[in-house]
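**Q** sequence and predicted structure are below.
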Amino acid sequence: MRKEEIRSRIKARKAMLTDAERQSAADAVFAVLENSVAFMLADNILLYHSLPDELSTRAFIEKWHDRKNFFLPRVHGVNLEVLPYNRSSLRLGAFQIEEPQGDDVRDISSIELIVVPGVAYDRCGNRVGRGKGFYDRLLASTHATKVGVGYDFQLVDDIDSEPHDVVMDLVVTEHEIIRVRRR
Ligand SMILES: Nc1nc2c(c(=O)[nH]1)N(C=O)[C@@H](CNc1ccc(C(=O)N[C@@H](CCC(=O)O)C(=O)O)cc1)CN2
Ligand SMILES: Nc1ncnc2c1ncn2[C@@H]1O[C@H](COP(=O)(O)OP(=O)(O)OP(=O)(O)O)[C@@H](O)[C@H]1O
């Protein structure tokens, strides 16, 4: 399926979610994540600070930030920078996302695990994002384990992938865990 068609279908489906459904899906997905070997082994983890239409990462960040080194992305031109998470120094940035402020920009090579937001995934690990290529550019330069997270309906049968798209290692929804075979 074409990316544009996927984006509009998923948007419509997300609009139907109740608060209770959002909450239980986020709880389920992040319970899987925290029990995964990849999460247990990783100290340095890049998360995302969720937008209202994404699986909420708030409770998960709150629960684990004392025991893991969490990082968040910050939009810088067409690229994403990686900075340490610090609850008291977040600021509303591009696209109304809370981002770390300051100049403590880290090298992506120090990140072991990346929890990637996405609009849709297929069972081969292909991912559709919001169409600006931010994550594709970031993920092109890392060997970190990449975990795509989303609601069950964000799993689609197939995605017309492009050469620049970076494949996930793991995709987690409230009902499925997909381990993608390394190629
Ligand atoms: N929580 C979160 N943080 C993130 C991302 C993300 O998808 N989610 N990003 C992932 O790249 C980067 C920011 N990029 C973004 C790009 C577009 C939109 C967005 O809301 N797009 C609207 C369309 C608006 C427009 O076209 O101007 C949309 O998708 O409805 C949000 C973030 C870095 N941080
Ligand atoms: N590694 C890259 N280097 C340069 N340009 C890239 C790279 N990856 C993606 N792009 C460009 O970014 C644009 C958006 O790509 P695409 O539609 O695949 O984004 P997406 O995967 O949905 O979004 P995102 O990565 O932000 O979640 C395309 O025009 C593409 O050419």
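**A** Yep, it's here. Ligands and ions are numbered 1, 2, ... in the order given.
**Q** other SSEs contacting the longest helix along the chain?
**A** Identified as the longest helix of the chain according to DSSP state H is helix 19-34. With contacts taken as 3 or more C-beta pairs under 8 Å, 6 or more residues apart in numbering; DSSP states H and E, helix 19-34 sits against helix 58-64, strand 145-149, strand 170-172. Backbone N, C-alpha and C define where each C-beta goes, glycine included.
**Q** okay, the nearest residue to Ala94 once chain neighbours are set aside: pLDDT?
**A** In space, Ala94 comes closest to Val75 once its chain neighbours are excluded; the distance is 4.0 Å by C-beta to C-beta, 6 or more residues apart in numbering. Val75 is assigned 98 on the pLDDT scale.
**Q** over to Gly131?
**A** In this model, Gly131 is scored at 95, pLDDT.
**Q** and what of Arg183?
**A** 68.
**Q** likewise for Ala94?
**A** Predicted confidence (pLDDT) for Ala94: 88.
**Q** and the helices in the protein?
**A** 3-14, 19-34, 37-41, 58-64, 134-139.
**Q** including distance to Thr145 and mean pLDDT, could those helices go into a markdown table?
**A** A markdown table is the format used below for the helices of the chain (distance: least, C-beta to C-beta, whole Å; pLDDT from 0 to 100):
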| stretch | distance to Thr145 | mean pLDDT |
| --- | --- | --- |
| helix 3-14 | 24 | 97 |
| helix 19-34 | 11 | 98 |
| helix 37-41 | 5 | 97 |
| helix 58-64 | 16 | 98 |
| helix 134-139 | 11 | 97 |
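**Q** middle-most residue in the protein, spatially?
**A** The chain has Val116 as the residue nearest its centroid, 2.0 Å off, counting by C-alpha atoms, centre = their mean.
**Q** that one reaches Ile45, doesn't it?
**A** No: judged on C-beta atoms under 8 Å, Val116 makes no contact with Ile45 at a distance of 11.5 Å.
**Q** how about stretch 129-139 against ligand 2, any contact?
**A** Yes: Stretch 129-139 comes into contact with ligand 2 (C-beta under 6 Å from any ligand atom), by way of 129-137.
**Q** just the buried residues of those residues.
**A** Buried by 16 or more other C-beta atoms under 10 Å: 129, 134-135, out of these.
**Q** I'd like the helices and strands packed on helix 19-34 laid out as TSV, including distance to ligand 2 and mean neighbour count.
**A** Output for those, formatted as TSV (distance: least, C-beta to the nearest ligand atom, whole Å; neighbours: other C-beta atoms under 10 Å):
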stretch	distance to ligand 2	mean neighbour count
helix 58-64	20	15
strand 145-149	10	24
strand 170-172	14	24
